[in-house]
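Colleague: Next come a sequence and a model predicted from it.
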Amino acid sequence: MFSAAPSARLTSEQLLRWYVQAGVDETVGEIPVNRYASAQVAGAAKPRPASPQQLATSATTGSGRQPTIAAEATTSAHLAMECHSLPELRVAMEAYEGCGLKRTCQRTVFADGNPAASVMLIGEAPGADEDRLGLPFVGASGKLLDRMLATIGLDRSSAYITNVVPWRPPGNRKPEPTEVELCLPFIERHIELVAPAILVFLGGAPASALLARQEAISRLRGRWMDYSSSRLPRPVPAMPTYHPAYLLRTPLHKRDAWRDFLAVRKRLESLR
Ligand code: URA
């Protein structure tokens, strides 16, 4: 347990420890901001402007209440469908304000690597390092992912990497199902625009969101599955495997992930 506020006589090190215990995991500015005072001045959180779809929803229901998640997901689906290139998709995602995560993160983490590569890897959501740098998998789990890729002869010039959710959930919590639902049209369109030969799903979140499967990743991993979309010419073979962050916590499972990556290499070789 920690006390509610640090005493005036703490050393810098004790103060830092107190911040870490209190859950502070990054600094975002040099000058402290009193958010309580600004909230009082501003009153309730400023509503963002309603999109045409939201206006249509409240007009048809006559309710004037917040649109449902389903209506908001329709908005993200429309926006995603209107994108015909990766730069357009990036711009649309950066401009989208329908997901609450956008208000607490620093950046939209779009993707890294080579979009012309045969293999596209999809993780869950950015962490603190990714949010700061605007690139996926650049923290501790990214370093492990880079090593895993290297074992099968790949790096970021021969693989393409992104996440289901492009905005960091605060405190690195798991994205809520509703947040995943809002982001799903963007990642689906992302896959269609990249049209990779092979997909690798890193962890249970991308596997269940994109394959609509409820089993644990321990049951899904290691088996080729088909990822289908009506706008892809054919189903894409997808390999679910463990998330690198999980492997850092549970190194015993690295050998299973290693087998999965070998299966990916074999499949890539069969394409050549
Ligand atoms: N974990 C993820 O799922 N994605 C990242 O980009 C970083 C960590």
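Modeller: Received the coordinates, thanks.

Colleague: Find the nearest non-adjacent residue to Pro235, please.
Modeller: Asp226 (3.8 Å; C-beta to C-beta, 6 or more residues apart in numbering). No exception for glycine: its C-beta is placed from N, CA and C like everyone else's.

Colleague: who touches that neighbour in this structure?
Modeller: Asp226 sits next to Pro235, Val236, Pro237, Ala238 when contact means C-beta atoms under 8 Å, 6 or more residues apart in numbering.

Colleague: tell me, how many neighbours does the third one end up with?
Modeller: Neighbours of Pro237 under the rule other C-beta atoms under 10 Å: 18.

Colleague: Which strand residues bridge it?
Modeller: Beta bridges link Pro237 to Asp226 when assigned by DSSP bridges.

Colleague: Verify the stated contact: it with Pro196.
Modeller: No - judged on C-beta atoms under 8 Å, Pro237 makes no contact with Pro196 at a distance of 9.6 Å.

Colleague: For stretch 224-244, measure first residue to last.
Modeller: 19 Å (C-alpha to C-alpha, to the nearest Å).

Colleague: Then stretch 240-249?
Modeller: Start-to-end span of stretch 240-249 (C-alpha to C-alpha) is 18 Å.

Colleague: How far off centre is it?
Modeller: In terms of C-alpha atoms, centre = their mean, to the nearest Å, the gap separating the centre of stretch 240-249 from the centre of its chain is 15 Å.

Colleague: can I get the contacts of Asp226 in TSV with distance to Leu144 and pLDDT?
Modeller: Converted to TSV, those look like this (distance: C-beta to C-beta, whole Å; pLDDT from 0 to 100):
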residue	distance to Leu144	pLDDT
Pro235	29	98
Val236	25	98
Pro237	24	98
Ala238	21	98
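
Colleague: now that we have these, which one has the most neighbours?
Modeller: Most crowded among the contacts of Asp226, counting by other C-beta under 10 Å, is Ala238 at 24 neighbours.

Colleague: can you count the residues close to Arg17?
Modeller: Using other C-beta under 10 Å: Arg17 sits among 14 other residues.

Colleague: ok, now Glu188?
Modeller: By other C-beta under 10 Å, 20 other residues sit near Glu188.

Colleague: what does the one 10 residues further on give?
Modeller: Ile198 is flanked by 21 other residues according to other C-beta under 10 Å.

Colleague: Ok, Pro240 next?
Modeller: By the criterion of other C-beta under 10 Å, Pro240 has 28 neighbours.

Colleague: Glu215 is in contact with that one, correct?
Modeller: No - in this structure Pro240 lies outside contact range of Glu215 using C-beta under 8 Å: 9.4 Å.

Colleague: residue contacts, Asp155?
Modeller: Asp146, Leu149.

Colleague: In three-state terms, label it for me.
Modeller: Asp155 falls in the coil class when you classify it by DSSP: H, G, I helix; E, B strand; the rest coil.
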